[in-house]
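Q: show me the folded form of this:
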Amino acid sequence: MLDVCLLGCGGMMPLPYRWLTSLMVRYNGGSILIDCGEGTQIAMKEKGWSPKPIDLICFTHYHADHISGLPGLLLTMGNAERTEPLTMIGPKGLSRVVGALCTIAPELPFKVRFIELTDPKQVIEYNGLRIRAFRVNHNIVCYGYTIELDRAGKFQPEQAKSYQIPMKFWSRLQKGETIEDGGKRYTPDMVLGTPRKGIKLVYTTDSRPAESIVEHAFGADLFICEGMYGEPEKASKAKEYKHMTFYEAARMAKQAQVKEMWLTHFSPSVVRAEEFMDQVRAVFPYAKAGKDGMTTELAFTEDAEYER
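A: Modelled structure (predicted):
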């Protein structure tokens, strides 16, 4: 399962009641952070989640409200005596941007590895998860991210017996191990049924509605999407600055058949996002207005079909 926390839900600038948009995901002892604007580590502290286990940071793009909190976070991680290497993923220019920011955090006790995105779609395998980066439509190069956790099929003892696989290997094969024994090769697919439905989390900000978003969000358990403006009269402003309204995000959620959508990256002009949600839910009923510290646990479901 994945522990998911929307640390902040603001765009452009932090406010006394709203931190900048950032997402933290915990899985299998490690943590992933997506975006790190000003004040992100304060939001983390308020939530009670530690930055020390973060071993992957993904950046959507390099506007200040998505990356300017990085030097302080790295210093905090270093002061916590972290020595394990840290990986960062982001659009082309990542090492240059981080290098410039880290002139004020020059001596870190851990190494930083960079993965720069250059293609419209890229896949990164990480700690048992599959991360898909996909380009969206903002006024600079910007990516969304999908985090996927696969689930193997159920163990089939009769199938294992039909292949005459010794029982002592069954458990190891269930765990995905391939075994060589006595000139024979046993693979997990010999004892497992059809793969079951896994977990899919999608995060995207700073974009106009895009087919790439719908494609990658399709069937997601949770779709976290920018909703810069709730005021209908600001639709033209959203187009001009390549952002989205609440209602455009809701239409994409409906098209992508996601289970649930959280809106985030609110303009400072949106004081109470909930005021607009009745209209949003008229388009997509399973929408929620994001809040700082909003948390959920995404777990495997037994049935392939989702029941609301």
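
Q: contact partners for residue 155?
A: 170, 174, 191-193 (C-beta atoms under 8 Å, 6 or more residues apart in numbering). (Glycine included, C-beta is placed from N, CA and C.)

Q: quickly note the distance from it to residue 72.
A: 47 Å (C-beta to C-beta, to the nearest Å).

Q: equivalent analysis for residue 40, please.
A: Distance, residue 40 to residue 72, using C-beta to C-beta: 8 Å.

Q: pick out whichever of the two has more residues nearby.
A: Higher neighbour count among residue 40 and residue 72: residue 40, with 27 against 18, using other C-beta atoms under 10 Å.

Q: okay, that one: pLDDT?
A: Predicted confidence (pLDDT) for residue 40: 96.

Q: now do residue 278
A: Note for residue 278: predicted pLDDT of 97.

Q: tell me, how many residues neighbour residue 177?
A: 12.

Q: so it sits against residue 190, correct?
A: No: Residue 177 is not in contact with residue 190 according to C-beta atoms under 8 Å; the separation is 11.8 Å.

Q: gap between the residue of the chain positioned farthest from its centre and residue 161?
A: Farthest-out residue of the chain from its mean C-alpha position, per C-alpha atoms, centre = their mean: residue 182, at 43.7 Å. Separation of residue 182 from residue 161 (C-beta to C-beta): 18 Å.

Q: again, but for residue 47
A: 49 Å.

Q: next one: residue 86
A: Using C-beta to C-beta, residue 86 is found at 46 Å from residue 161.

Q: what do you get for residue 70?
A: From residue 70 to residue 161 the distance is 54 Å (C-beta to C-beta).

Q: please say which of those two ends up with more neighbours.
A: Using other C-beta under 10 Å, the more surrounded residue of residue 70 and residue 161 is residue 70, with 24 against 12.

Q: in three-state terms, how would the closest residue to that one other than its chain neighbours be classified?
A: Take residue 70 and drop its neighbours on the chain: the residue closest to it by C-beta to C-beta, 6 or more residues apart in numbering is residue 36, 4.8 Å away. At residue 36 the chain is in coil, as set by DSSP: H, G, I helix; E, B strand; the rest coil.

Q: going forward, the N-terminal residue is numbered 3.
A: All right, first residue 3 from here; so that's residue 38.

Q: for residue 38, give me its contacts.
A: Applying C-beta under 8 Å, 6+ apart to residue 38 gives the contacts 24, 59, 61, 68-72, 75.

Q: from the residues you listed, pick the one nearest residue 276.
A: Lowest distance from residue 276 to these (C-beta to C-beta) belongs to residue 24, with 20.7 Å.

Q: ok, the closest one touching residue 10?
A: Yes: the pair residue 24 and residue 10 qualifies as a contact (C-beta under 8 Å) at a distance of 5.2 Å.

Q: give the residues shared as contacts by these two.
A: Taking C-beta under 8 Å, 6+ apart as the contact rule, residue 24 and residue 10 both touch 39, 42, 45.

Q: reformat these as TSV; add distance to residue 246.
A: Below are those laid out as TSV (distance: C-beta to C-beta, whole Å):
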residue	distance to residue 246
39	18
42	22
45	22
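
Q: okay, now residue 100: neighbour count?
A: Residue 100 has 21 nearby residues by other C-beta under 10 Å.

Q: ok, now residue 273?
A: That count, for residue 273 with other C-beta under 10 Å as the rule, works out to 12.

Q: so it, which of the three states?
A: On the three-state scheme (three-state DSSP), residue 273 is labelled coil.

Q: quick one: it and residue 189, what's the gap?
A: For residue 273, the distance to residue 189 - C-beta to C-beta - is 57 Å.

Q: do the same with residue 76
A: Per C-beta to C-beta, residue 76 is found 42 Å from residue 189.

Q: which one's more surrounded, those two?
A: Between residue 76 and residue 189, counting by other C-beta under 10 Å, residue 76 is the more crowded of the two (25 against 14).

Q: neighbours around the nearest residue to that one once chain neighbours are set aside, how many?
A: Distance criterion C-beta to C-beta, 6+ apart; nearest residue to residue 76, sequence neighbours excluded, is residue 107 at 5.0 Å. Neighbour count of residue 107, defined by other C-beta under 10 Å: 17.
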